[in-house]
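Asker: here are the coordinates; sequence isn't available:
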């Protein structure tokens with residue numbers, strides 16, 4: 001039971017880290033280096049193939065910005081964890097590797113055909129694609145918990161936009 005509890009705790013901390021970095025990466029400011037790096041991800045065009053390009057297997061994702069984005073957001077925190085708690089760090093690294101290489105691209109994350117209720121729990125398909133469309137919502141990876149907890153899911157974002165429009169109309 002302790003093993004599972006620690007694994008879940010580390011997973012939650014890791015996903016909270018990735019969520020936080022992702023939110024920061026979307027703050028447009030001339031001194032925000034994370035924003036400049038992350039923008040490359042939003043410009044990247046995913047091919048139709050379900051198989052990853054050969055360079056992905058070596059954790060190189062097409063360019064230095066795309067690669068650095070993945071490393072800062074996901075990989076480096078796990079490498080740090082490996083130094084403090086190797087077993088759990090290696091488990092998360094293996095999970096991260098297989099997800100990033102075989103599932104993240106257009107298989108799950110960037111697959112607009114995934115529209116079922118699973119996207120309320122796992123930020124894949126239309127959930128993640130709304131992030132690419134609106135930029136100011138759906139920042140979570142692996143679990144949607146953080147978007148619902150911090151009210152950054154697309155429904156809350158749309159609600160806030162409507163309220164701002166109403167307030168502007170009232171002040172005019």
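Answerer: Okay, I see it. Just so you know, these numbers come straight off a predicted model, no measurement behind them. Numbers count the residues shown, from 1 in each chain.
Asker: CA atoms for contacts and neighbours, from now on please.
Answerer: OK.
Asker: Just the buried positions in stretch 100-109, please.
Answerer: 100, 101, 102, 103, 104, 105, 106, 107, 108, 109 (16 or more other Cα atoms under 10 Å).
Asker: Out of those residues, list just those in strands.
Answerer: If you go by DSSP state E, the buried residues of stretch 100-109 have nothing in strands.
Asker: name the helices or strands packed onto the helix or strand harbouring residue 38?
Answerer: Secondary structure from DSSP states H and E places residue 38 in helix 33-43. Under the contact criterion of 3 or more Cα pairs under 8 Å, 6 or more residues apart in numbering; DSSP states H and E, helix 33-43 touches helix 2-25, helix 64-70.
Asker: what is the mean pLDDT for the strand or helix carrying residue 167?
Answerer: Element membership of residue 167, judged by DSSP H and E, is helix 154-171. Averaged over helix 154-171, pLDDT sits at 80.
Asker: Would you format the buried residues of stretch 100-109 as JSON lines with pLDDT and distance to residue 12 included?
Answerer: Output for those, formatted as JSON lines (pLDDT from 0 to 100; distance: Cα to Cα, whole Å):
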{"residue": "100", "pLDDT": "92", "distance to residue 12": "17"}
{"residue": "101", "pLDDT": "92", "distance to residue 12": "21"}
{"residue": "102", "pLDDT": "89", "distance to residue 12": "22"}
{"residue": "103", "pLDDT": "88", "distance to residue 12": "20"}
{"residue": "104", "pLDDT": "85", "distance to residue 12": "19"}
{"residue": "105", "pLDDT": "78", "distance to residue 12": "22"}
{"residue": "106", "pLDDT": "79", "distance to residue 12": "24"}
{"residue": "107", "pLDDT": "84", "distance to residue 12": "23"}
{"residue": "108", "pLDDT": "87", "distance to residue 12": "20"}
{"residue": "109", "pLDDT": "86", "distance to residue 12": "19"}
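Asker: middle-most residue in the chain, spatially?
Answerer: Compute the mean C-alpha point of the chain, and by Cα atoms, centre = their mean the closest residue is residue 141, 3.7 Å away.
Asker: pLDDT at the closest residue to that one other than its chain neighbours, what is it?
Answerer: In space, residue 141 comes closest to residue 123 once its chain neighbours are excluded; the distance is 5.9 Å by Cα to Cα, 6 or more residues apart in numbering. For residue 123, the pLDDT comes out at 94.
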